[in-house]
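Test case, fold it:
(2 chains)
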There are 2 protein chains.
Amino acid sequence: MADNVNQLSAEQLKEVNRQMTLYRQGVQDIIPPEELENKIARSLLTGVPLKIKLGLDPSAPDVHLGHTVVLNKMRQFQDNGHIIQLLIGDFTGKIGDPTGKSVARKPLTDEEVSHNAKTYFEQFSKVLDMKKVELHYNSSWLAKLNFEEVIKLASKITVARLLERDDFDERMALHKPISVHEFFYPIMQGYDSVVLENDIELGGTDQHFNILMGRHFQEKEGKEPQVALLMPLLEGLDGNDKMSKSKNNYIGIDEKPTDMYGKTMSLPDHLMIKYFQLITDLSPKEVDSIAKGLESGERHPRDEKMRLARTITRMYHGAEAAQHAEQQFISVFREGNLPKYVTTVVWEGEEHVRITELLVILNMLPSKSEARKMIENNGVKLSGETVKSPHDTVTIQDGLIIQVGKRKTVRLARA
Amino acid sequence: MADNVNQLSAEQLKEVNRQMTLYRQGVQDIIPPEELENKIARSLLTGVPLKIKLGLDPSAPDVHLGHTVVLNKMRQFQDNGHIIQLLIGDFTGKIGDPTGKSVARKPLTDEEVSHNAKTYFEQFSKVLDMKKVELHYNSSWLAKLNFEEVIKLASKITVARLLERDDFDERMALHKPISVHEFFYPIMQGYDSVVLENDIELGGTDQHFNILMGRHFQEKEGKEPQVALLMPLLEGLDGNDKMSKSKNNYIGIDEKPTDMYGKTMSLPDHLMIKYFQLITDLSPKEVDSIAKGLESGERHPRDEKMRLARTITRMYHGAEAAQHAEQQFISVFREGNLPKYVTTVVWEGEEHVRITELLVILNMLPSKSEARKMIENNGVKLSGETVKSPHDTVTIQDGLIIQVGKRKTVRLARA
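Presented below is the predicted three-dimensional model:
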């Protein structure tokens, strides 16, 4: 690879450094950083923009704030004139699970794929300039491969290399079966990069192995290998697992302002700074100042969490809607009684539940008699309204907030 | 699977037993024997003949006596009215070695494949009735598979199962690379059986794993699984390695009577009975009687080896040609001077060599001066002719026999 950096003028070098600083923000890993630098330099010298690939699973189009970690990074590249290549992985989606074991992975029809792609597009338009985005479907090249071409592709990677992937490695160690076709998912992802000739592939750290496949296959085909740009995974509202729809610990990009605001307020304190860094448009300097203020005790966690909730709601719904959501949140919890944070519980039971039973199931009170006493003392509220009778039946609604006394608060989510 | 054996008449049962006894002769392994019995029974009940598959490598069409171990077994099935399916594995032959590492495995053209198939046909006709044989080329179904179909096929077998194959297992243990495409050779062989719907697959014991793939994939596709019928591997003339062209330790099915006879005479004694059993048309009773005679010392190994050489030559060239080859062999070695056996040495050097140098290279004499002395004493013969001068230059010919004194004899083969 030519060393483009050496050919730069002082001004161009400054521009490379500026972009590098920007792209490094919040990133977990760049593999390898010197190649990214060299690619930016080449782009400056030739005027040819870089191509940045992002692979998308066509089966789960609900975009949440976890996705925006990567989308915001893409936006930075786009703002600097580079080209975003969105890749819909429809080939695997259309195959489904050939072992037939997973009901969840039943084959998608062409209609479903294009509907889901449209959903992505609409939601991504809140972060990216979709007019400048390239859209690709990998079925357009993968479906055409014949057996001979598949064999040639497979000859370019070893069994040992694929077995290095963490999940394969673990399953082999535990003697759990790995079907041979599973080897093809990383191989396909690598081959997509051969076809797209992209310079960079973006993804979460859980895509580390698969994104390095792109480097591997591009090199085997004599092309300049892509740089892997790995973003940290965003924990969901439970503070443990990666944000995902299946864990019901997410904030959807399309959610109503009040839900967006309220859900953000349920976030554990220790994740606030990570959220500020990865999914808001606050500058690194601002985030840094918040972090320091919280550490020294000069800033109050509750105030900063309200700022986070306001910022996120503002980004997707505008300043006015954010203000309004905040007012509503405050009125529900009555000023001065705001909890430090609200636990979200996924409700998998019946739609209608006796209030005393609900309080026991949620572990908010130890027994139905304790629950009855607390209600009779006006100590239980549903979304700000005091419960009058222990014989009331509650209709479960997504976002219902249950308060017991001044300290215990739970937010329900429908399963 | 229906138990067909229970439905047989006494006479039919006798016939099943007769066939089973025949097919068991000389076989290393039948997996599983009760299924073979059941298939024969079904064939008797329905009148539908069994289909017996034999896979052939289209890149090496020179048929030698090692191949006839399997061909003779096929002939037995054919004589009982069953159908032989010869499968030319041209799909892999046309791909060659996609890693490009093996020069030997360069892709074959359509012309080469059909020429090689023709060569097989001509040579097999010495053992099989080729008018009754089905001929298949696996490219006619494998070349048509698309990526989706390949993935579905690959989903039916696990990585762990394939890694059980001895050579894969060893290479993994030694950290030697296995390319992913290598997994497809056993998978393809299994899929061939799905398409052919054969009842039995024949092969050498080195095909054990691959032939069981046929059972695996037929079962996965809901078909009655084939029975594996594994024949022992025939050691070549060196007494160590499997007979093969690349080891130059073979007797070709197309060789001249004198070469066939002479090469057989170079066989180590301990392999004689195996050769009688596996590649001659002598009955099990006759072979048994020879084995017992040799063991008790009533029969002389040299006489029995001449019988073996005569029998093999007679099978491929007729009784008269066999007799003639024997006479010629005796005259070369002068009666009474026959060596117990002749070592075959593969000559990889120049075509023309000074006789003294040759004797030293072949370790027949310790030095050129010793060689000169021996020649001057008329102690060296080339194919029966006494060498006159130590300054003679020898032209290396395939089958050249070099004798030093009465005990040391070497037969040359061209590399």
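
got the residues of the stretch 101-250 of chain A near chain B?
Within the stretch 101-250 of chain A, the positions adjacent to chain B are A:142-160, A:162-163, A:168, A:172, A:175, A:177-184, A:187 by Cβ under 8 Å from any Cβ of the partner chain. C-beta coordinates here come from the backbone N, C-alpha and C atoms, glycine included.

at 6 Å instead, please
A:142, A:145, A:147-148, A:150-152, A:154-155, A:157-159, A:177-181, A:183-184 (Cβ under 6 Å from any Cβ of the partner chain).

List buried residues within those.
Neighbour-count burial (16 or more other Cβ atoms under 10 Å in any protein chain shown) applied to those gives A:142, A:145, A:147-148, A:150-151, A:154-155, A:157-159, A:178-181, A:183-184.

Report the central residue of chain A.
In chain A, the residue lying closest to the centroid (Cα atoms, centre = their mean) is A:G66, at 1.9 Å.

Show me what the helix or strand containing that one packs onto, helices and strands only.
Assessed by DSSP states H and E, A:G66 sits inside helix A:65-79. With contacts taken as 3 or more Cβ pairs under 6 Å, 6 or more residues apart in numbering or on different chains; DSSP states H and E, helix A:65-79 sits against helix A:272-279.

got the contact list for the helix it packs on?
Outside helix A:272-279, the residues within contact range by Cβ atoms under 6 Å, 6 or more residues apart in numbering or on different chains are A:G26, A:L65, A:T68, A:V69, A:L234, A:L282, A:V287, A:A291, A:K305, A:L308.

Rounded mean pLDDT for the helix holding A:G66, please.
In this model, helix A:65-79 has an average pLDDT of 95.

centre of the chain versus it, how much separation?
10 Å (Cα atoms, centre = their mean, to the nearest Å).

need the longest helix for chain A.
For chain A, the longest helix by residue count, based on DSSP state H, is helix A:301-317.

and that one, what does it pack onto?
helix A:257-265, helix A:272-279, helix A:319-333.

run the last query once more with 7 Å
Helix A:301-317 is packed against helix A:257-265, helix A:272-279, helix A:284-296, helix A:319-333, with contacts defined by 3 or more Cβ pairs under 7 Å, 6 or more residues apart in numbering or on different chains; DSSP states H and E.

Could you tell me the least trusted of these?
Taking the mean pLDDT of the helices and strands packed on helix A:301-317, helix A:319-333 comes last: a mean of 87.

tell me which residues in it are buried?
Within helix A:319-333, the residues scored as buried using 16+ other Cβ under 10 Å are A:A321, A:A322, A:H324, A:A325, A:E326, A:F329, A:V332, A:F333.

any idea how far A:L412 is from the fifth one?
Read it as A:E326. For A:E326, the distance to A:L412 equals 21 Å [Cβ to Cβ, to the nearest Å].

residue ranges with poor pLDDT in the stretch 251-400 of chain A?
Along the stretch 251-400 of chain A, segments meeting pLDDT under 70 span A:334-341.

With the stretch 101-250 of chain A instead?
A:101-105.

can you confirm A:A41 is in a helix?
Yes: counting by DSSP: H, G, I helix; E, B strand; the rest coil, A:A41 is found in a helix.

where does it land on pLDDT?
96.

Contacts only, for it.
Counting by Cβ atoms under 7 Å, 6 or more residues apart in numbering or on different chains, A:A41 touches A:N4, A:V5, A:L8, A:V16.

if I look at it, how far off is A:A143?
From A:A41 to A:A143 the distance is 37 Å (Cβ to Cβ).

cool, A:N38 as well?
Note on A:N38: its distance to A:A143, by Cβ to Cβ, is 35 Å.

which stretches of the stretch 151-300 of chain A form strands?
Counting by DSSP state E, counting those that start in this stretch, residue ranges of the strands within the stretch 151-300 of chain A are A:200-204, A:227-231.

Between the two ends of stretch A:196-206, what distance do you get?
Criterion Cα to Cα, to the nearest Å; first-to-last residue distance in stretch A:196-206 is 22 Å.

Same check on stretch A:78-86?
End-to-end span of stretch A:78-86 (Cα to Cα): 12 Å.

now stretch A:266-277
Length of stretch A:266-277, first residue to last, Cα to Cα: 18 Å.

what's the angle from the helix or strand containing A:T119 to helix A:65-79?
Assigned by DSSP H and E, A:T119 belongs to helix A:110-124. Counting by axes from the mean of the first three to the mean of the last three Cα atoms, to 10 degrees, helix A:110-124 lies at 70 degrees to helix A:65-79.

by contact count, what packs against helix A:110-124?
Counting contacts by 3+ Cβ pairs under 7 Å, 6+ apart, helix A:110-124 packs against helix A:90-95.

No further questions, thank you.
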